[in-house]
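Peer 1: from the sequence below, what's the structure:
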Amino acid sequence: MALLRVFSMIVAALAGVFLVSRGERASGQRPQLQMLGKLADGQWELRRRDGAGAQRLCVKDRIRLIQLRHPDLSCDRIVLEDTPTSVTVQYTCRGRGYGRTHIRRESGQLIQLDTQGIADGLPFEFSAEGRRVGECSSQG
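Peer 2: Numbers count the residues shown, from 1 in each chain. Okay, the predicted model is just below:
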């Protein structure tokens, strides 16, 4: 009987984890990502460490920094780490791929970013330094 009770507790705990990880989608609320809230909105430049160049993007919704290879997709996210100076998020975009991103904040205008996953059936992985370089243009 005790074994059955332990098994039931494990199943209930796993169900709770599943519901929490899907809670964002079910309730329409985003998980609290305290570190992202400390970053400034605006035009950001991401310089890849492998020398592949820089990418500029307008950041109004900071979750954009988490899903660089899956922009504008509604994805299920699991927050693995959320501290005042870093965040790690794993996400799945049904039928479109998945990713795992770690961002370390050095200041409100400087971050270190590592991301990897699958997008459009192909693997991706890169590290970059991100800097806020100004306001967003009217086009972006």
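Peer 1: any idea how many residues pack against Leu110?
Peer 2: Per other Cβ atoms under 10 Å, the neighbour tally for Leu110 reads 15. Where you see a C-beta, it was placed from the backbone N, CA and C, and this is true even at glycine.
Peer 1: mind listing what the residue most central in space within the chain touches?
Peer 2: Ranked by distance to the mean C-alpha position of the chain (Cα atoms, centre = their mean), the top residue is Ile66 at 3.0 Å. Ile66 sits next to Leu36, Arg77, Val87, Val89, Tyr91, Gly99, Thr101, Ile103 when contact means Cβ atoms under 8 Å, 6 or more residues apart in numbering.
Peer 1: ok, and the closest non-adjacent residue to the first one?
Peer 2: Pointing back at Leu36 there. Nearest residue to Leu36, sequence neighbours excluded (Cβ to Cβ, 6 or more residues apart in numbering): Arg62, at 4.1 Å.
Peer 1: and if you look at Gly117?
Peer 2: Of all residues not flanking Gly117 in the chain, Gly99 sits nearest, at 3.0 Å (Cβ to Cβ, 6+ apart).
Peer 1: list the contacts of the one helix or strand that neighbour maps to.
Peer 2: Using DSSP states H and E, Gly99 falls within strand 97-107. Residues from elsewhere that reach strand 97-107 (Cβ under 8 Å, 6+ apart): 35-36, 38-39, 65-70, 75, 80-81, 84-92, 111-121, 124, 130.
Peer 1: tell me the mean pLDDT for whichever helix or strand comes after it?
Peer 2: Using DSSP H and E, the next helix or strand after strand 97-107 towards the C-terminus is strand 110-119. Across strand 110-119, the average pLDDT comes to 97.
Peer 1: what residues sit buried inside the helix or strand just after strand 110-119?
Peer 2: Note on strand 110-119: by DSSP H and E, the next helix or strand toward the C-terminus is strand 122-134. Going by neighbour count (16 or more other Cβ atoms under 10 Å), the buried part of strand 122-134 is Phe126, Ala128, Gly130, Arg131, Arg132.
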